[in-house]
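In: dropping the sequence and predicted coords here.
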Amino acid sequence: MATVIYRCPVGAPGECPPSANRGYCQVHMFQQLERYEPVEDAPPVDAPPTDAPPAGAPARPGPGPGTDPEAVTRPARPAEPRRAPGPRPHQGQQQGRQPRPARPPVVRLALVVAGVLLPVAAEHRRGGGGLAIGRDEPDCAAIPGLAGLDQLSRHHARLRWIDGALYVEDLRSTNGTFVDGRRIEGPTRIGPGHRLRFALDLDVQVVEIDEFGAPR
């Protein structure tokens, strides 16, 4: 005699018990059973299949609402091999950007004027620094007898820093500014060992000093 049975459409053979009534699978709780064609001498619906899990064993979780039924039987995708981590960027260095070049060490310079050590003010971030030369310049107030030098202009020359280097520039003085005996026309770079002359009667030597202000 033919018997109408209902089976789970996603379960493997023998995994889900059949039923004589249309309902939901006992293994896949949210999967509705589907009708199969009548078969002859079908086993009783209450008899568990030979490969069914033993009584009392926890049921396998079924797919949740909206789950693709084919995904239950679809073979798992093999995991991709993990890539070895690359070198981490240095602290404070962002990827894709080159590190900023280190600034050259600070050089402290001074002028020896009439036996007086006259330090050149250091450069700072907003510009400035340097030294002003002239009879009325406050930077030269410590030089004895400077006010009596008629050949020296009131605002004769200026020393200033440009990108970490010291330059001397004549301020359109009457008698000029000289570097190692040559009169300059524009900003001229100077350093330790250079000899400057402002007008005809003020000889100056450039020296390097340490952090305490003493000549090296």
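Out: Yep, that arrived.

In: domain ranges for the chain?
Out: Domain ranges of the chain: 1-67, 109-208, per automatic domain parsing.

In: okay if I get those as a markdown table plus mean pLDDT?
Out: Shown next, in a markdown table, are the domains of the chain (pLDDT from 0 to 100):
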| stretch | mean pLDDT |
| --- | --- |
| domain 1-67 | 64 |
| domain 109-208 | 90 |
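
In: just put these in TSV and tack on distance to residue 82 and mean neighbour count.
Out: Every residue, glycine included, has its C-beta placed from N, CA and C. Below are the domains of the chain laid out as TSV (distance: least, CB to CB, whole Å; neighbours: other CB atoms under 10 Å):
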stretch	distance to residue 82	mean neighbour count
domain 1-67	28	13
domain 109-208	47	16
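
In: could you dump the ones you listed into a markdown table with distance to residue 216 added?
Out: Formatted as a markdown table, the domains of the chain follow (distance: least, CB to CB, whole Å):
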| stretch | distance to residue 216 |
| --- | --- |
| domain 1-67 | 81 |
| domain 109-208 | 5 |
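
In: and these: which comes nearest residue 215?
Out: Ranking those by proximity to residue 215 (CB to CB) places domain 109-208 first, at 4.9 Å.

In: first vs last residue of that closest one, how far apart are they?
Out: Domain 109-208 has an end-to-end distance of 4 Å (criterion: CA to CA, to the nearest Å).

In: grab the nearest non-local neighbour of residue 27.
Out: Nearest residue to residue 27, sequence neighbours excluded (CB to CB, 6 or more residues apart in numbering): residue 16, at 4.6 Å.

In: go ahead and confirm that neighbour touches residue 28.
Out: Yes - here residue 16 reaches residue 28: they are 6.8 Å apart, a contact under CB atoms under 8 Å.
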